[in-house]
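I'll drop the sequence and a predicted model, then ask my questions.
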Amino acid sequence: MSTQAKPAKPLPDLDDPVSAPFWKAAGEGRLSFQRCAKCGYLRWPAAAICPQCWSPDAEWTDVEPTGEVWSFGVYDRAFSGAFEDDVPYVVALVSLDAGPQMISNVVDIDPGDLTVGMRVTAAYEPFGDGAALVKFRPT
Amino acid sequence: MRLDGSVAVVALGVTEQGKLPGRDGDDIAIEALGYALEEAQLRKEDLDGLITCKAAGTGAGVDTEVGRKAGLNPAFSATLDYGTCNFSLHLAAMAISSGMATTVACLYGTNQKTGKKYAFTRAAGDAGNPGGPYGFLHISGPAALAFRRHQTLFGTTEEQLGHISVASRAWAKMNPQAIFREDFTIDDYLASPYLVQPLRRPDVTMISDGGVALILTSAERAADFPKAPVYLLAGAQQTGLRLYQNDDQLMRPWIGKVAERVYANAGITRDDVDAVFIQDPTSIWILQMLEWYGFCERGEVGPFLESGAIAPGGTLPVNTNGGQLSEAYMWGWLHIVEAVRQLRGEAADRQVDDAKVALYCSTKGFEKAAATVLASEVPA
């Protein structure tokens, strides 16, 4: 799309004290969310207050890194040069067994073989200093 | 919001659509307002309300700036972050109903095609779900997910979806204002490349420059204008602001609440609707809203589309202007213009016979929805 140098892929901000623990936990191979200390709600994305009860108090809690594909799209076109080398790539909305719904990639599968409802497990892709993106692969 | 025709659209202003190089969105909006004032036979000093709509990423559309540039000191002014016209219309109706203003201009202008490049490729849904790192870019992304879910649940096919783009083009061919008027068949659709499977290029609007202005006033005053008033019977809104905290967010099931309220408040059923206008950044908006507004049963929009229902000559006139898919990308503003033209009987070759009631439906992305019922007559 562009003759200029390829832009870098956007990465989560590890200097954000609210969300950094999520990406750091992923770097250690754990899927972890803030569990509200008052009402037990799991926050995704990470937030300073609980969207359910507005309590600021929460404890990072590891959950089962499993879920199912709610739906997915296959990017045949890169809308940013950063993803040019990745097409075709899959973006899915994954409904985690623990509750939250995450936008992510499903990897290690031919896009033509992926189906809605397929069971998936987290696959961690390292970035930065000890952090990782949370992607998924078929279980 | 029950209005019973107490507020009316009395004038339209529309600029050329397409490429307006060297122009700023505010200047384009003010040009449109000039046409609307001319149609209304008003001076700008007669306006006591101004509602502007931001043109995303361009900096245009802020009331304080537009007022200064247009030399207006209205009693009431406001800026909406995203009008889609419905939200602007509703605010205008509230301002008029409450007595904050009597004669309100709603404006929108953008140079998003030829002006400073707007990042339509920005991450989709980042506020509610970090998608940028995963390449979840552009409106085609969430729209593709929404369509595939519909396919999985109900067996809807890509060809059935294609009938939306084909019907939009067939209507646009009768609209001299439309940018895209070349022939376009279902075979052309199926031969088009994917953007994000299962969505193809014709499922997504092209970007264009342009401006629209509307003037609204109370029903009592509306009779004094040169053009026949088009009355607002009702408006309704519903948000899904919790985004992915909601189940099935990309299906936008909460749009069904807008449908219930807007029909009830207007005192009509969907059978009373003569023409439907659905803001369509992608074809998926039309697919979903035909169901949520009750024009077919849930899950049955595929066969409904395949039957030719929304094409010229079909059972339900939808986006007779060609919509954003074929007319121009004006974030719903030209849909309301077309609704008014249809209800005035000014739609020439594409005129819907005996059009008396129109429904306009829109959303702000996957975050909020709105609808308005308009009519050529105040109900008895």
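Arrived safely, thanks for sending. Bear in mind the structure is a predicted one, so any value in this text is a computation, not a measurement. Numbers count the residues shown, from 1 in each chain, chains lettered A, B, ... in the order given.

what does chain A put close to chain B?
Contact residues of chain A with respect to chain B, defined by CB under 8 Å from any CB of the partner chain, are listed as A:9-12, A:44-45, A:51, A:70-80, A:82-83, A:86, A:88-89, A:91-93, A:100-105, A:111, A:115-117, A:133, A:135. Bear in mind the C-beta positions are built from the backbone N, C-alpha and C, glycine included.

quick check: PyMOL command selecting the buried ones in those residues.
With 16 or more other CB atoms under 10 Å in any protein chain shown as the burial test, the buried ones among these are selected in PyMOL as follows:
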select buried, chain A and resi 9+10+12+44+45+70+71+72+73+74+75+76+77+78+79+80+82+83+88+89+91+92+93+100+101+102+103+104+105+116+133+135
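
find the nearest non-adjacent residue to residue 23, please.
Defaulting to chain A. Setting aside the residues directly before and after it, A:W23 is nearest to A:A131 in space (CB to CB, 6 or more residues apart in numbering or on different chains), at 4.0 Å.

not what I meant, chain B
In this structure, B:R23 finds its nearest non-sequential neighbour in B:N111, 5.5 Å apart by CB to CB, 6+ apart.

tell me the contacts of that neighbour?
Under the criterion of CB atoms under 8 Å, 6 or more residues apart in numbering or on different chains, the contact list for B:N111 reads B:20, B:23-25, B:28, B:55, B:58, B:60, B:209.

ok, now how distant is it from B:G18?
Noted for B:N111: a distance of 11 Å to B:G18, by CB to CB, to the nearest Å.

mutual contacts of the two, please.
Shared contacts of B:N111 and B:G18 (CB under 8 Å, 6+ apart): B:D209.

ok so, going back, report the contact partners of the residue nearest to A:W23.
For A:A131, the contact set (CB under 8 Å, 6+ apart) comprises A:12, A:14, A:20, A:23-24, A:26-27.

now the contacts of B:N111 as TSV including pLDDT, secondary structure and neighbour count?
As requested, the contacts of B:N111 are arranged in TSV below (pLDDT from 0 to 100; DSSP: H, G, I helix; E, B strand; the rest coil; neighbours: other CB atoms under 10 Å in any protein chain shown):
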residue	pLDDT	secondary structure	neighbour count
B:L20	94	coil	23
B:R23	94	coil	20
B:D24	94	coil	20
B:G25	95	helix	28
B:I28	97	helix	25
B:A55	91	coil	28
B:T58	85	coil	19
B:A60	94	coil	28
B:D209	93	strand	26
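
helix/strand/coil for A:L133?
Local secondary structure at A:L133 is given as strand here, using DSSP: H, G, I helix; E, B strand; the rest coil.

I figured it hits A:Y124, correct?
Yes: taking contacts as CB atoms under 8 Å, A:L133 lies within contact range of A:Y124: 7.2 Å.

check chain A for the residue nearest chain B and tell me.
When you check chain A against chain B by CB to the nearest CB, the closest residue turns out to be A:G73, at 3.3 Å.

okay, buried residues for stretch A:39-49 please.
Counting neighbours by 16+ other CB under 10 Å, one finds that the buried residues in stretch A:39-49 are A:41-46.

and the residue of chain A closest to chain B, what pLDDT?
Reported pLDDT at A:G73 in the predicted model: 98.

mind telling me what element the nearest residue in space to it that is not next to it in sequence is part of?
The shortest distance from A:G73 to any residue other than its chain neighbours is 3.3 Å, reached at B:A144 (CB to CB, 6+ apart). Assigned by DSSP states H and E, B:A144 belongs to helix B:140-154.

from the contact counts, what lies against that helix?
Secondary-structure packing of helix B:140-154 (3 or more CB pairs under 8 Å, 6 or more residues apart in numbering or on different chains; DSSP states H and E): strand A:66-75, strand A:89-96, strand B:194-197, strand B:199-200, helix B:283-292, helix B:301-306.

run through who's touching the third one.
Right, the one you point to is strand B:194-197. Defining contact as CB under 8 Å, 6+ apart, one finds that strand B:194-197 is touched by A:73-77, A:88, A:91, A:111, B:138, B:140-141, B:143-144, B:200-201, B:203-204.

show me the domain layout of chain B.
Domains of chain B are assigned by automatic domain parsing as B:8-117+B:207-222, B:137-200+B:228-380.

quick one, what contacts the closest residue to chain A within the stretch 201-350 of chain B?
Nearest to chain A in the stretch 201-350 of chain B, going by CB to the nearest CB, is B:Y244, at a distance of 4.8 Å. With contacts defined as CB under 8 Å, 6+ apart, the neighbours of B:Y244 are A:44, A:93, A:100-101, A:103, B:125, B:128-129.

that one: what secondary structure?
Classification of B:Y244 by three-state DSSP places it in helix.

and B:D27, by the same measure?
Following three-state DSSP, B:D27 is assigned to helix.

got a pLDDT number for it?
The score at B:D27 is 97. That number is its pLDDT.

which residue ranges of chain A form strands?
Taking DSSP state E as the test, the strands found in chain A are A:32-36, A:42-43, A:58-62, A:66-75, A:89-96, A:101-105, A:119-127, A:131-138.

turn those strands into a markdown table, columns for distance to B:N73.
What follows is those, written out as a markdown table (distance: least, CB to CB, whole Å):
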| stretch | distance to B:N73 |
| --- | --- |
| strand A:32-36 | 49 |
| strand A:42-43 | 46 |
| strand A:58-62 | 50 |
| strand A:66-75 | 49 |
| strand A:89-96 | 48 |
| strand A:101-105 | 46 |
| strand A:119-127 | 53 |
| strand A:131-138 | 52 |
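
how about the residues of the stretch 51-200 of chain B near chain A?
With the criterion set to CB under 8 Å from any CB, the stretch 51-200 of chain B comes near chain A through B:120-121, B:123, B:125, B:128-138, B:140-141, B:144-146, B:148-149, B:152, B:193-199.

could you check how many residues crowd around B:P312?
Counted with other CB atoms under 10 Å in any protein chain shown, residues neighbouring B:P312 total 15.

contact partners for whichever residue of chain B sits closest to chain A?
Closest contact between chain B and chain A, by CB to the nearest CB, is at B:A144 (3.3 Å). With CB under 8 Å, 6+ apart as the criterion, the residues that contact B:A144 are A:73-74, B:195-199.

select from those the one having the most neighbours.
Result: B:V196 is most packed of those (other CB under 10 Å), 33 neighbours.

what are the buried residues along stretch A:51-67?
For stretch A:51-67, by 16+ other CB under 10 Å, it's A:58, A:61, A:63, A:65-67.

okay if I get those as CSV plus pLDDT?
Listed next are the buried residues of stretch A:51-67 as CSV, based on pLDDT from 0 to 100:
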residue, pLDDT
A:A58, 98
A:T61, 98
A:V63, 98
A:P65, 98
A:T66, 98
A:G67, 98
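
which one of these is nearest to B:L42?
The shortest gap between B:L42 and any of those belongs to A:A58, at 56.5 Å (CB to CB).

ok, that closest one to A:A47 distance?
A:A58 sits 9 Å away from A:A47, going by CB to CB.

any chance you could list residues touching both of these two?
A:Q34.

can you tell me what sits against the host helix or strand of B:L89?
Element membership of B:L89, judged by DSSP H and E, is helix B:86-98. Applying CB under 8 Å, 6+ apart, the contact partners of helix B:86-98 are B:1, B:3, B:6-7, B:49, B:51, B:53, B:76, B:78, B:80, B:100-102, B:104, B:106, B:108, B:214, B:216-218, B:232, B:235, B:237, B:279, B:332, B:336, B:360-362, B:364, B:368, B:370-372.
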